[in-house]
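Participant: Would you be able to build a 3D model of this:
(2 chains)
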Amino acid sequence: MSSALITRRLARNGIAPAQFLIAVCVITFFALIALLSPVLVGDDPFENHFSVQGDVARYQLPSTEFPFGTNLYGQDVLQQTLLGTRRTLIIGLVCGLVVMIIGTVIGVLSGYFCGVTDAVLMRITDFFYAIPFLPFSLIFVHFFGTGLLSVCSAMGLIFWRTGARVIRSVVLSLRERQYVKAAKAAGASPFWIMRFHIMPGIAGIALLYGVFGAAWAILTEATLSFIGMADAVSISWGLMLNQAFANGAIRFAWWWVLPPGVSLTLLLGALFLLARSLEGLIDRRLAD
Amino acid sequence: MPVQSASKQGLLEVNDLTVEYALPDRPLTAIKNASFRLDQGLSLGIVGESGSGKSTLARAIFGALASNGRITRGSVLFRGQEITAPSPALEKLRWKSLSFVPQSAIASLDPLFRVGRQIVEIYEHHQRLSRKVAREKVLEIFAAIDLQASTFGMYPHELSGGMRQRVVIAAALALRPQIVIADEPTTSLDTLVQRQVFQRFDAVRREIGTSLILVTHDLGLVADYCDDIIVMYRGEVVESGAADNVLFHPQHPYTRELLRATDRLSPAMRQRDSAPAGVATRTAAAPLIEFDRVVRVFRRGLSYLRRGEQMLRAVDQVSFAVREGEVLGIIGASGSGKSTIANMAIGLDHPTSGEIRRNGKPVGRYSHGADVMDAQLIFQDPYQSMNPIFRVEWIVAEAIRAVRRQPRLSPTEIRCRVVAALEAAGLHPAKGYLASRLHQLSGGERQRVAIARAIVTDPRLIIADEPVSMLDVSVRAGVLETLRALTSRSNRGMIYITHDLGTVGFVCDRLLVLREGRNVEVGPCQQVLAAPRVQYTRDLLQAMPGNKLRRLGDDTTVI
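Facilitator: Here you go, the predicted structure:
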């Protein structure tokens, strides 16, 4: 793809090339941190630091020794922030993929076959719409634990529903195209038609909802951790915020709150920008 | 230009008009130095192919260019008053003195309001009439244009295409404007309806003394209804003058080409070169396809509130057979069941009763593989029937690759067959087209790609559903020749479906006339065209535009 084409396609979604670049840079930055943090700052986020007097080094302001300061337990906030990136990104990636795959499969099958298939799949979708997320995840986590797999499953099971519906509606219009009828008349199988005539048309939207799914999953994981449904043995940004809140430190220990908060905001902002950009980039149109 | 006394001021004068469109990478000159004048009560036809700038010219006069279009030079004068640029003066003239009939009525009517209400609005807005008086006026103009009073309270979707077009014509004539600009006003209608609508339109227009600017690609229509003609080619006016003059003595090569193309497709004027030798003797072999008292009924629910069902007999007791080397033409107005027959013949739809046999074997409900490949369909619209994201090679190869077959073809073999099909469809050199994308091709080339896709599997039966109705007149004959050659040189058969009688004489051996799903007449093509037995066929023949053109053609050699 030439840069002029990229610019034009981005412009269709109202995005300047610089915004796209920033989004890519921010996400790459967090990905690098997730990969390299154990090398940079060691791998124990819960290590308690002590002052020279032998006391726990509580609530230290940012300094050269602790660039982001320390928390109530004398733990290094910088170290926690960096190590928390890993869990956050894994959750985003896994949930994004799950949401995209389930949403696409349900949406395409439902929209293409219509009739009974559509009715059944869409009623299932409605069922998932009816489930309130937080109570559901509380119960889910209660039974299956707070591990990565369990939390990802809980979110993946819920978040595909919007994508599936939107994809179905696009497929409904695509399947009426003359070229689909032409392919049918030539004897093409439903699988062939979905693979070559339907999928290219919805790839942009599927990816969009995948990235949205990732962003929502990250946010929701933070929420779950914040309300105390966190995995206490693995650090995450949500857990950090939860501890700061639970100890009443959220009012004064800004250095404890800002790093996870700002990181979340940056990452989510970048993801949404990326989603919008990708939607435009993938959409192949005649106008090109 | 029609020479008129210089002192007399024309109703509309267009001088040296140049229009440019700003495209992303460069400006495109759509019209170069166009000039003409139109006098009170006369009619002017603007003819040309798609892309010749005829619609742009109409829109420029009406001050309704697309947002990236701009008049860069020249002027438009209405009664000597300058209306070149959008201005308050033009706003005042618009609709009152200068109105517009668009091609697509459905797009210009608001689906949420009753059609009568939409015209009442015109009177309320422009003449400050009360709703009651306005309603009277609307009913008056509806009556003039042959619309029943009951139409007043209907919504656009409840009307047929012809009625909708009448409504927008009524809207354009509502304020008795001095000029009506009509952009392909009846092109989307059937020949029969087209004639009825246009005759009424023209009569009312003459009665109230309105001048007409008719933009069309149809020389026949212009010949029948216009006083003056201007011919546009690539944005330039290449020929203009009195209609008879231009049609009798075309000067510009393009006009001649256009006339020749129209002429070649007139029924009865050109016969098929050779009737297939001994259709009768071949009857022993099983027909390629046979319809045996086929009926297709659609159920239509009326609405949630009004319960009950409406049964629509789209195809009613139709029987016919197509043999090797034979072309069967099926003609009829829209809604006569032509496309339902095509769908059933190809297996996309199935009869409610009756039987369809291919090669003597009944067609089951689920047929795949070799059965399917034995028949291929060519669609009407080459812009919609192929997926624009793929290249030509992929599109043509799809019919081979999508159907599993024994033995599998290698990529090289597939490419060979694609190239051969493209060549046979008249695209030379075929290799040059393989990597093309559809939007790089002209309408004629696209339809040839569609033909290549249909013949790449080497089917024995081709079903062509209005294959040239979307194409410019000048390329129609060529595409039809290709189709014709594809059947006569082999033992293929073809079903040629159309509403255009002009082309059937050129292609078909036998003709089947459909009316509301019933087969009203069937016979050898020349016989049906020359001596139709049924009144309906006679009406269809009569309704073809260009009677005047044909008379001219008979008297002199136009070309």
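Participant: just the strands in the stretch 51-200 of chain B please.
Facilitator: Ranges of strands in the stretch 51-200 of chain B, per DSSP state E, counting those that start in this stretch, are B:69-78, B:81-82, B:98-101, B:179-183.
Participant: okay, those strands in JSON lines with mean pLDDT next?
Facilitator: What follows is the strands of the stretch 51-200 of chain B, written out as JSON lines (pLDDT from 0 to 100):
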{"stretch": "strand B:69-78", "mean pLDDT": "89"}
{"stretch": "strand B:81-82", "mean pLDDT": "84"}
{"stretch": "strand B:98-101", "mean pLDDT": "90"}
{"stretch": "strand B:179-183", "mean pLDDT": "92"}
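Participant: Deepest-packed of the ones you listed, please.
Facilitator: Mean neighbour count (mean count of other C-beta atoms under 10 Å in any protein chain shown) peaks for strand B:98-101 among the strands of the stretch 51-200 of chain B, with a mean of 25. Glycine gets a C-beta too; all of them are placed from N, C-alpha and C.
Participant: Could you list the low-pLDDT ranges of the stretch 151-288 of chain A?
Facilitator: By pLDDT under 70, the low-scoring segments of the stretch 151-288 of chain A are A:283-288.
Participant: again, only using 90
Facilitator: Residues of the stretch 151-288 of chain A that meet the criterion pLDDT under 90 lie in A:151-159, A:176-178, A:181-182, A:184-189, A:200-201, A:203-205, A:207-208, A:211-212, A:214-261, A:272-288.
Participant: For burial, what's the neighbour tally of A:Ala214?
Facilitator: Summarising burial for A:Ala214: neighbours were counted as other C-beta atoms under 10 Å in any protein chain shown, giving 28.
Participant: Give me every residue in chain B lying close to chain A.
Facilitator: Within chain B, the positions adjacent to chain A are B:24, B:346-348, B:368-369, B:372-373, B:376-377, B:379, B:381, B:384-390, B:398-399, B:402-403, B:438-439, B:453, B:457 by C-beta under 8 Å from any C-beta of the partner chain.
Participant: Which of those fall within strands?
Facilitator: If you go by DSSP state E, the residues of chain B next to chain A have B:Gln376, B:Leu377 in strands.
Participant: among the residues of chain B next to chain A, which ones are buried?
Facilitator: B:346-347, B:372-373, B:376-377, B:379, B:381, B:385-390, B:398-399, B:402-403, B:438, B:453, B:457 (16 or more other C-beta atoms under 10 Å in any protein chain shown).
Participant: need the next SSE after the helix or strand encompassing A:Val120, C-terminal direction.
Facilitator: Using DSSP states H and E, A:Val120 maps to helix A:115-130. The first helix or strand that comes after helix A:115-130 along the chain, using DSSP H and E, is helix A:133-144.
Participant: which parts of the helix or strand that that following helix is followed by are buried?
Facilitator: Using DSSP H and E, the next helix or strand after helix A:133-144 towards the C-terminus is helix A:148-174. Using 16+ other C-beta under 10 Å as the test for burial, helix A:148-174 gives A:148, A:150-168, A:170-171, A:174.
Participant: at contact distance from chain B, anything in the helix or strand following helix A:148-174?
Facilitator: With elements assigned by DSSP H and E, the helix or strand that comes after helix A:148-174 is helix A:178-185. Yes: judged by C-beta under 8 Å from any C-beta, helix A:178-185 and chain B are in contact via A:Gln178, A:Tyr179, A:Lys181, A:Ala182, A:Ala183, A:Lys184, A:Ala185.
Participant: Spatially central, which residue of the chain would that be?
Facilitator: Here I'm looking at chain A. Taking C-alpha atoms, centre = their mean, the centroid of chain A lies closest to A:Ala214, which sits 1.5 Å from it.
Participant: wait, chain B
Facilitator: Taking C-alpha atoms, centre = their mean, chain B has its central residue at B:Ser469, 4.7 Å away.
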